[in-house]
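Trainee: Attaching a predicted model along with its sequence, questions to come.
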Amino acid sequence: MKKKLIKDTSAHFAKLFGAEPESVFLSPGRINLIGEHVDYNDGFVLPAAINKYLCFAISVHDTTHCTLVAKDLNEAYKFDLNDPIVPVEKMWVNYILGVVSQLKDAGHALKGFDMVFSSTIPMGAGLSSSAALECGVGYALNDLFSLGLTKERIAQIGQQSEHTFVGVKCGIMDQFASVFGKKKHVVELDCTSLGYTYHKADFDKYALLLIDSNVKHTHLTSGYNVRRQEVEHGLSVIKKHFPQVNTFRDCTMEMVNSLEQELGDVVLRRCRFVVGEIQRVREAVDALEAENFIRFGQLMYGTHLGLSQDYEVSCPEIDFLVAYTGNIPQVIGSRMMGGGFGGCSINLVEKGFEDALIDELSAEYAKTFGITLKAYKVKIAKGTTRYKDHENIR
Ligand code: GAF
């Protein structure tokens, strides 16, 4: 699948530009085991890069012209590096321009380039195709023009691109996972210091299975930014009463509950979720280290409950998919994953039972919602990289 993606992207490049691409880069999507909506709340997260990729075929040249081609959309966009770089109407272009504009503003010397990209990451499924796009472009330009950026900086540039050119005030998790992914490992990321630890993602007799609800989410219209405002307000109230608190990780549930009146029902529940989720990730890491997968799975269900009832970022379709697995003994953990309002659930399922689960869920889901679901058996993969062997693939 990866080789086919590289082959097809390179062939498309050759067809359009009359020569093979000089370089090929791969940038993966991500999953997140636990730690949802806490990356922008100074929490800890446990994501991993997966074997679904955006592939970039690129050649640079001695002009200031750039041509971007989104193969899957059959769309192209041209710009000149000497012109002011501002957001445009085509959303996919903005993820890229946001990166280029930051590099330009930082005084990096860029040259013109032609780029074709294509993807095996399903769009709108909560697998962070946008972070893969931003980080893939940042990584490729850093490599091609020897800009000397660290991987951390590339992730931050990706995040910033989303803030300024797309308008989603996302945290750093997706970009970090895409760039720092390691085969067969999850990344425990401290979202305050950006310190990280890899843990073996070996769930013994359990496999990771993503169930795509086929309910498309877009964070912009879905209230992601509203959640951020709500918790920022909540934290400012907590800090006023508890001066020892700097971030949510300093808060206890008792502190939050003591401010019920002033926070009001909605903000109270948002803050409760955040405090609980930060705690759950700590426990989940311990459970993973102790190979207590049953406990890990219970924590996943706990996260889902909080996301659904307190943070209110789930949807009836995903709630159904998660609740249904509660009656299936071969599933030990399930929850909505990512920003929410649609997308995928992530499940820990006994190996060998995945297909039976997919069949059963598909039938029940179609009966209830009239929607066909998709399932992805993902593997944990390496982060953004230059693909060295592309010439041998064709
Ligand atoms: C989206 C965001 F982009 C991430 O930063 C993160 O907040 C996630 O939603 C929720 O955990 O994917």
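Mentor: Here it is on my side, so go on.

Trainee: C-alpha from now on. contacts and neighbour counts both.
Mentor: OK.

Trainee: Could you tell me what pLDDT the model assigned to the residue in the stretch 251-394 of the chain positioned nearest to the ligand?
Mentor: Nearest residue of the stretch 251-394 of the chain to the ligand: G339, at 3.2 Å (CA to the nearest ligand atom). Residue-level confidence at G339 comes out at 94, pLDDT.

Trainee: Pretty sure it sits against V313.
Mentor: Yes: with contacts defined as CA atoms under 8 Å, G339 counts as touching V313 at a distance of 7.3 Å.

Trainee: Looking at the two, which is more packed in?
Mentor: Neighbour count, other CA atoms under 10 Å: between G339 and V313, G339 has more, with 24 against 21.

Trainee: before we move on, back to that, tell me the contacts of the residue of the stretch 251-394 of the chain closest to the ligand?
Mentor: Contact analysis of G339 by CA atoms under 8 Å, 6 or more residues apart in numbering lists 36-37, 126, 219, 224, 313.

Trainee: which among these gets closest to K239?
Mentor: Closest approach between these and K239, by CA to CA: H37, at 19.9 Å.

Trainee: Surely that closest one and V275 touch.
Mentor: No: using CA under 8 Å as the test, H37 is too far from V275 to be in contact (10.9 Å).

Trainee: The two - which one has more neighbours?
Mentor: Taking other CA under 10 Å, H37 and V275 do not tie; H37 has more neighbours (28 against 20).

Trainee: What residues does the more buried one make contact with?
Mentor: 274, 338-339.

Trainee: switch to 10 Å and redo it
Mentor: Shown in contact with H37 (CA atoms under 10 Å, 6 or more residues apart in numbering): 43-45, 170-171, 173, 224, 227-228, 273-274, 277-278, 307, 311, 313, 337-340.

Trainee: ok, now how distant is it from V69?
Mentor: Taking CA to CA, to the nearest Å as the measure, H37 falls 32 Å from V69.

Trainee: before we move on, what about H61?
Mentor: Distance from H61 to V69, counting by CA to CA: 16 Å.

Trainee: what about these two, which has more around it?
Mentor: Between H61 and V69, V69 has the larger neighbour count (other CA under 10 Å), namely 22 against 11.

Trainee: Near the ligand, which residues of this structure are found?
Mentor: 36-37, 39, 170-174, 338-339 (CA under 6 Å from any ligand atom).

Trainee: still on that earlier bit, quick one: which of the contacts of G339 is nearest to S258?
Mentor: Among these, and counting by CA to CA, the member closest to S258 is H37, at 22.8 Å.

Trainee: Give me the pLDDT for the closest one.
Mentor: 98.

Trainee: Determine the number of other residues adjacent to F369.
Mentor: F369: 11 surrounding residues under other CA under 10 Å.

Trainee: ok, and the closest non-adjacent residue to it?
Mentor: In this structure, F369 finds its nearest non-sequential neighbour in E317, 7.4 Å apart by CA to CA, 6 or more residues apart in numbering.

Trainee: ok now do the one you found, which residues does it touch?
Mentor: 213-215, 323, 341-344, 365, 368-369, 371.

Trainee: Likewise for N74?
Mentor: S118.

Trainee: what's the answer for N142, then?
Mentor: Taking CA under 10 Å, 6+ apart, we find N142 in contact with 103, 108, 110, 136, 148-151, 154.

Trainee: Select from those the one having the most neighbours.
Mentor: Using other CA under 10 Å as the neighbour test, those are led by G136, with 33 neighbours.

Trainee: Quick check: that one vs the ligand, distance?
Mentor: G136 sits 16 Å away from the ligand, going by CA to the nearest ligand atom, to the nearest Å.

Trainee: Spatially nearest residue to that residue (excluding sequence neighbours)?
Mentor: S27 (5.0 Å).

Trainee: I figured that neighbour was touching C55, is that so?
Mentor: Yes: between S27 and C55 there is a contact at 6.5 Å, judged by CA atoms under 10 Å.

Trainee: list residues touching both of these two?
Mentor: 119, 132-133, 136, 384-386.

Trainee: Go through those residues and flag which are in strands.
Mentor: Per DSSP state E, strands hold the following members of those: 119, 385-386.

Trainee: picking that back up, what is in contact with H37 and V275 at once?
Mentor: G43.

Trainee: hang on, the earlier thing: quickly note the distance from the residue nearest to F369 to S345.
Mentor: Taken as CA to CA, the span from E317 to S345 is 10 Å.

Trainee: joint contacts of these two?
Mentor: By CA under 10 Å, 6+ apart, the residues touching both E317 and S345 are S213.

Trainee: got the buried residues for the longest helix anywhere in the chain?
Mentor: Longest helix of the chain, by residue count under DSSP state H: helix 260-289. Counting neighbours by 16 or more other CA atoms under 10 Å, one finds that the buried residues in helix 260-289 are 263, 266-282, 284-285, 287-288.

Trainee: Then stretch 223-239?
Mentor: Those would be 223-224, 227-228, 230-232, 234-235, 238-239, for stretch 223-239 by 16+ other CA under 10 Å.
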